[in-house]
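# Structure for the following, please:
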Amino acid sequence: MVFRDAARIVSPETLATFTFTEWIEQPIPSNEPAIRSPSIRIAAPEVVLLARYDRVPSHEAPFTRRNLFLRDDFTCQYCGRRCTTDHLSVDHVLPRSRGGSTSWENCVLACVGCNARKADRTLKEVGFHLLRNPVRPRWTPYLNLRPSQRMDSWSRFAPEHKRRTASNS
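Predicted structure coming up:
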């Protein structure tokens with residue numbers, strides 16, 4: 001987009017904007033991420049500014065296992081433990097055996113231990129409490145970065161996204 005003049009690169013420190021030609025002339029510190037080609041090394045931009053803005057795409061996030069992991073930030077919604085995908089499972093808050101649906105509003109991530117303890121019982125029956133109520137996410141599939149993947153330099157341009165922990169319940 002920058003190469004085609006549809007966007008400009010923004011320096012997060014100075015807020016100066018650069019065209020592609022201006023950007024490739026900028027010095028690159030050796031420890032900074034870069035884009036490489038056989039003939040050139042360019043600093044990887046962190047922030048870009050669109051030259052023309054129509055609107056943000058209004059696509060809703062489809063209900064998929066991957067998007068559920070992103071919504072719940074790879075965190076058990078009962079005990080708050082962050083786990084890898086092989087230690088988390090999808091749990092129906094209202095069990096399917098009791099009429100619960102497979103939807104954004106009824107599914108959460110649960111670690112293997114919590115899911116086994118809950119089984120096909122309701123939260124009240126097992127004495128569990130959710131860290132967050134399950135809701136349909138507002139983000140689009142194109143913007144689905146986990147909070148840990150967001151760059152610090154973006155904080156000047158986008159709302160703060162706080163990491164969810166057990167203490168935030």
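
# CA atoms for contacts and neighbours, from now on please.
OK.

# ok, Ser89 - contacts?
Ser89 sits next to 109-112, 115 when contact means C-alpha atoms under 8 Å, 6 or more residues apart in numbering.

# Ile42: which of these is nearest?
Leu109 (39.9 Å; C-alpha to C-alpha).

# Quick check: phi and psi at the closest one.
phi -90, psi 140 (degrees, to the nearest 10).

# Determine the number of other residues adjacent to it.
When neighbours are counted by other C-alpha atoms under 10 Å, Leu109 registers 29.

# Assumed Glu22 was part of a strand.
No - assigned with DSSP: H, G, I helix; E, B strand; the rest coil, Glu22 falls outside any strand and is helix.

# gap between Ser97 and Thr122?
Using C-alpha to C-alpha, to the nearest Å, Ser97 is found at 11 Å from Thr122.

# Looking at these two now, which is surrounded by more residues?
The neighbour comparison of Ser97 against Thr122 (other C-alpha under 10 Å) goes to Thr122, with 15 against 10.

# Please name the nearest non-neighbouring residue to that one.
Leu94 (5.9 Å; C-alpha to C-alpha, 6 or more residues apart in numbering).

# so what's that neighbour up against?
100-101, 106, 121-123.

# where's it, which helix or strand?
Using DSSP states H and E, Leu94 sits in no helix or strand.

# care to break this structure down by domain?
What automatic domain parsing lists as the domains of the chain is 7-50, 65-126.

# Comparing these, which comes out most buried?
domain 65-126 (a mean of 18; mean count of other C-alpha atoms under 10 Å).

# Can you give me the end-to-end span of that one?
25 Å.

# Same check on stretch 48-62?
27 Å.

# Mind listing what's buried along it?
Using 16 or more other C-alpha atoms under 10 Å as the test for burial, stretch 48-62 gives 48, 61.

# All the strands of the protein, residue numbers only.
7-10, 17-18, 34-36, 41-43, 47-50, 88-92, 107-111 (DSSP state E).

# helices and strands around the second one, which ones?
For strand 17-18, the helices and strands in contact under the criterion 3 or more C-alpha pairs under 8 Å, 6 or more residues apart in numbering; DSSP states H and E are strand 7-10.

# in its sheet, what does the strand it packs on sit against?
Strand pairing for strand 7-10, determined by DSSP bridges: strand 17-18 (antiparallel), strand 47-50 (antiparallel).

# Quick one: low-confidence residue ranges for the protein.
56-59, 139-148, 158-169 (pLDDT under 70).
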